[in-house]
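1. here is a sequence with its predicted model. Questions after.
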Amino acid sequence: MKQIKSTVWGIAIIALGIIFGGNALGIFDINVFFDGWWTLFIIIPSLIALFTDKDKLMNLIFLLAGVIFLLAAQNVFSYEVASKIVLALALIGIGVSIIVRGFFRGKNNKEVEQKVHDAKEERKTDVQTAIFSGNDRVYKNETFSGANLTAVFGGINLDLRNAKFTKDTTIKAFCLFGGIDIKVPEDIQVKIKSGFIFGGTSDERKNEATGKYTIYIDATGGFGGLEISDKGDKK
């Protein structure tokens with residue numbers, strides 16, 4: 001999915017460069033700064049994510065919000081009306097998200113909650129925080145005993161592919177306008193409890209592991225996401 005996103009963004013930037021170059025050389029005259037041009041920074045990312053991310057609801061609402069503000073910029077209706085419509089969409093989206101997660105709670109939720117609760121008593125977790133910043137934590141032949149991850153307007157990369165496991169472990173993850181990327185060994189099982197508002201978790205592992213040990217992940221937050229994978233070059 002990341003490769004698709006980067007490819008689409010690359011094409012978009014190349015196209016923008018061609019437009020600026022063509023305008024400068026007089027080959028054509030395309031005005032990229034039309035009324036409401038700034039809404040493209042909402043519309044384009046949301047449109048791309050709508051086809052690449054698993055959580056469709058958040059991206060659909062952002063796409064609709066971008067289109068509504070673009071129409072307001074084109075004087076189809078006022079910004080006051082646009083703001084009210086967007087607020088209504090956001091409230092509807094949050095309500096739907098809460099209802100859906102209430103009816104379709106993940107099958108691992110209770111098990112993950114219990115494991116995370118039991119792990120609090122041990123207090124041996126690795127605490128990693130990224131606030132308006134990035135944080136990379138790579139385990140190299142170290143024993144992993146659990147982690148508490150917090151990303152607020154930032155990102156955390158936790159690489160456990162070379163970590164040692166001696167028992168089941170837990171990860172408590174919170175994202176607010178941020179992202180957390182966790183890479184796990186191919187022989188470690190993963191069970192997830194997800195509680196995001198406008199966001200979610202994405203399991204990009206190639207195969208579901210059936211190893212001896214399990215990582216229990218309790219992920220919550222808003223306007224952010226957590227990705228789990230076993231791919232990439234080991235560091």
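-> Thanks, I have it.

2. for Asp218, give its distance to Arg161.
-> Counting by Cβ to Cβ, to the nearest Å, the gap between Asp218 and Arg161 amounts to 21 Å. Bear in mind the C-beta positions are built from the backbone N, C-alpha and C, glycine included.

3. show me which of the two is the more surrounded one.
-> It is Asp218, of Asp218 and Arg161, that has more neighbours when counted by other Cβ atoms under 10 Å, with 23 against 19.

4. packing partners of the helix or strand harbouring the more buried one?
-> In this assignment (DSSP states H and E), Asp218 forms part of strand 214-222. Secondary structure elements in contact with strand 214-222, counted by 3 or more Cβ pairs under 8 Å, 6 or more residues apart in numbering; DSSP states H and E, are helix 109-120, strand 169-176, strand 189-197, strand 225-229.

5. element containing Ile61?
-> Assigned by DSSP H and E, Ile61 falls within helix 56-73.

6. buried residues, that helix. List them.
-> 57-73 (16 or more other Cβ atoms under 10 Å).

7. that one: how far from the chain's middle?
-> 18 Å (Cα atoms, centre = their mean, to the nearest Å).

8. relative to strand 225-229, how tilted is that helix?
-> 140 degrees (axes from the mean of the first three to the mean of the last three Cα atoms, to 10 degrees).

9. helix 56-73 packs against which elements?
-> helix 40-52, helix 79-103.

10. which residues touch it?
-> The contact list for helix 56-73, computed with Cβ atoms under 8 Å, 6 or more residues apart in numbering, reads 35-36, 39-40, 42-43, 45-47, 49-50, 53, 77-79, 81-82, 85-86, 89-90, 93, 96-97, 198-200, 223.

11. right, and Ile171 touches Leu226 too?
-> No - the criterion here is Cβ atoms under 8 Å, and Ile171 misses it with Leu226 at 9.2 Å.

12. list the residues that are in contact with both of these two.
-> With Cβ under 8 Å, 6+ apart, Ile171 and Leu226 have common neighbours Ile182, Ile217.

13. helices and strands of the chain: which one has the lowest mean pLDDT?
-> Least confident helix or strand of the chain, by mean pLDDT, DSSP states H and E, is helix 109-120 with a mean of 61.

14. average pLDDT across whichever helix or strand comes after that one?
-> Using DSSP H and E, the next helix or strand after helix 109-120 towards the C-terminus is strand 126-131. Per-residue pLDDT over strand 126-131 has a mean of 86.

15. low-confidence ranges in the protein?
-> 1-6, 8-9, 52-55, 98-124, 198, 207, 209, 232-235 (pLDDT under 70).

16. try it again at 50.
-> The model of the chain has pLDDT under 50 over residues 235.

17. residues near Thr210, how many?
-> By other Cβ under 10 Å, 8 other residues sit near Thr210.
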